[in-house]
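>>> Here's a sequence, model it:
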Amino acid sequence: MEKPAKRVSDSFVETIHVVRPVHINSAGRLFGGTLMQWMDEVAGLTSKRHTHGMTTTASVDNLQFLRAAYQSDIIVITGKITYVGNTSMEIRVETFIESRDGSRCEINRAYFTMVAIDENDKPARVPRLILETPEEKEEWANAEKRREMRKMRTAQGF
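Reported below is the predicted structural model:
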């Protein structure tokens, strides 16, 4: 039985973290591995909201560290579905530093491919995605291009 289609906004996730001393690397910046863990959690939560089931991370593309974060920075991480296939979905995960006035500066972005799985760890069908805005439609088109690039890399052994 196919699950009902969902809107992008139905599965949007936002988490907030404060960079503490335990999160700092030897250079005095937020440890990249900690940020990647937080981002993976957001991608997982977003995909679970979309599927209402179990999911697993299949790949991470275009992980870009645009700016460093430091102790006491407030980190906001957002996740939104950009594309769905039969059993997989692409999640755009963005990371921001939020200043005291509430403004945000992007410091990181990545695209996670998540796969829905059933109780036997086999791929499961995901709900279709309802695109409502021109931005969502553009993101879908860009995600299709990224998907084709992933397929080519896989075929070439990269």
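>>> Convert the C-alpha atoms of the biggest strand by length in the chain to PDB, please.
For the chain, the longest strand by residue count, based on DSSP state E, is strand 104-117. Taking C-alpha atoms only, strand 104-117 is exported to PDB below (Å, rounded to 0.1, in the frame of the first residue of the first chain):
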ATOM      1  CA  ARG A 104      22.000  33.700  10.300                       C
ATOM      2  CA  CYS A 105      25.200  33.100   8.400                       C
ATOM      3  CA  GLU A 106      25.600  29.800   6.500                       C
ATOM      4  CA  ILE A 107      28.700  27.900   7.400                       C
ATOM      5  CA  ASN A 108      28.100  24.500   5.900                       C
ATOM      6  CA  ARG A 109      25.900  22.600   3.400                       C
ATOM      7  CA  ALA A 110      25.600  19.100   2.200                       C
ATOM      8  CA  TYR A 111      23.200  16.700   0.400                       C
ATOM      9  CA  PHE A 112      22.400  13.400   2.100                       C
ATOM     10  CA  THR A 113      20.900  10.400   0.300                       C
ATOM     11  CA  MET A 114      18.800   8.500   2.700                       C
ATOM     12  CA  VAL A 115      17.200   5.100   2.000                       C
ATOM     13  CA  ALA A 116      14.000   3.900   3.600                       C
ATOM     14  CA  ILE A 117      14.200   0.400   5.000                       C
END
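>>> So which elements touch it?
Helices and strands touching strand 104-117, as assessed by 3 or more Cβ pairs under 8 Å, 6 or more residues apart in numbering; DSSP states H and E, comprise helix 32-51, strand 54-65, strand 74-84, strand 88-98, helix 134-155. (Glycine included, C-beta is placed from N, CA and C.)
>>> Present these as TSV; the columns should include distance to Phe12 and mean neighbour count.
Shown next, in TSV, are the helices and strands packed on strand 104-117 (distance: least, Cβ to Cβ, whole Å; neighbours: other Cβ atoms under 10 Å):
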stretch	distance to Phe12	mean neighbour count
helix 32-51	7	20
strand 54-65	16	15
strand 74-84	5	21
strand 88-98	10	23
helix 134-155	11	13
